[in-house]
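1. model the structure of this input:
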Amino acid sequence: QVQLVESGGGLVQAGGSLKLSCAASGRTSNSNAMGWFRQAPGKEREFVAAIIRSGDRTYYADSVKGRFTISRDNAKNTVYLQMDSLKPEDTAVYYCGAGRRVVAVRERWNYDYWGQGTQVTVSS
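-> Numbers count the residues shown, from 1 in each chain. Okay, the predicted model is just below:
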């Protein structure tokens, strides 16, 4: 089992920045891939960004490319999502996922464990 705890969400004005953290505990050897997804009210949970354990491969949704940066500190078992130039359409609950598979990091099914989510609200 892997436990994930997100933090860092909040309310920010458009154009501002936030940095989300996701701390993993437990059997972290099962977290070769770690990803961020988000879910806005009335919408499906969608892929945002992912990173592989080595840290040398990252993946982004087109909607956030160039504005968000994913990174991980394996010594701390923590993954981060730096979000810059935030837009109102980035408003959502952001979830961290961890999975042993790395074959489909943009897909929800690739992840076995999820955190409880953290709310990000961007005002216009």
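2. beta partners for the residue nearest to the spatial centre of the chain?
-> In the chain, the C-alpha nearest the mean C-alpha coordinate belongs to residue 36, at 2.1 Å (CA atoms, centre = their mean). Assessed by DSSP bridges, residue 36 has beta-bridge partners residue 49, residue 96.
3. list the contacts of it.
-> In this structure, residue 36 makes contact with 20, 22, 48-50, 70, 79, 81, 94-97, judged by CB atoms under 8 Å, 6 or more residues apart in numbering. Backbone N, C-alpha and C define where each C-beta goes, glycine included.
4. next, format the residues you listed as a markdown table and append neighbour count, pLDDT and distance to residue 123.
-> Shown next, in a markdown table, are the contacts of residue 36 (neighbours: other CB atoms under 10 Å; pLDDT from 0 to 100; distance: CB to CB, whole Å):
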| residue | neighbour count | pLDDT | distance to residue 123 |
| --- | --- | --- | --- |
| 20 | 22 | 98 | 18 |
| 22 | 27 | 97 | 24 |
| 48 | 25 | 98 | 20 |
| 49 | 25 | 98 | 23 |
| 50 | 26 | 97 | 28 |
| 70 | 23 | 97 | 24 |
| 79 | 28 | 96 | 26 |
| 81 | 26 | 98 | 19 |
| 94 | 24 | 98 | 16 |
| 95 | 22 | 98 | 22 |
| 96 | 29 | 97 | 24 |
| 97 | 25 | 97 | 27 |
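5. relative to residue 32, which of those residues is nearest.
-> Residue 32 lies nearest to residue 50 out of these, by CB to CB, at 10.7 Å.
6. quickly note the distance from that closest one to residue 40.
-> 19 Å (CB to CB, to the nearest Å).
7. same check, this time on residue 108
-> 15 Å.
8. disregarding residues adjacent in the polypeptide, which is nearest to residue 99?
-> Excluding the flanking residues, the one nearest residue 99 by CB to CB, 6 or more residues apart in numbering is residue 111, at 4.0 Å.
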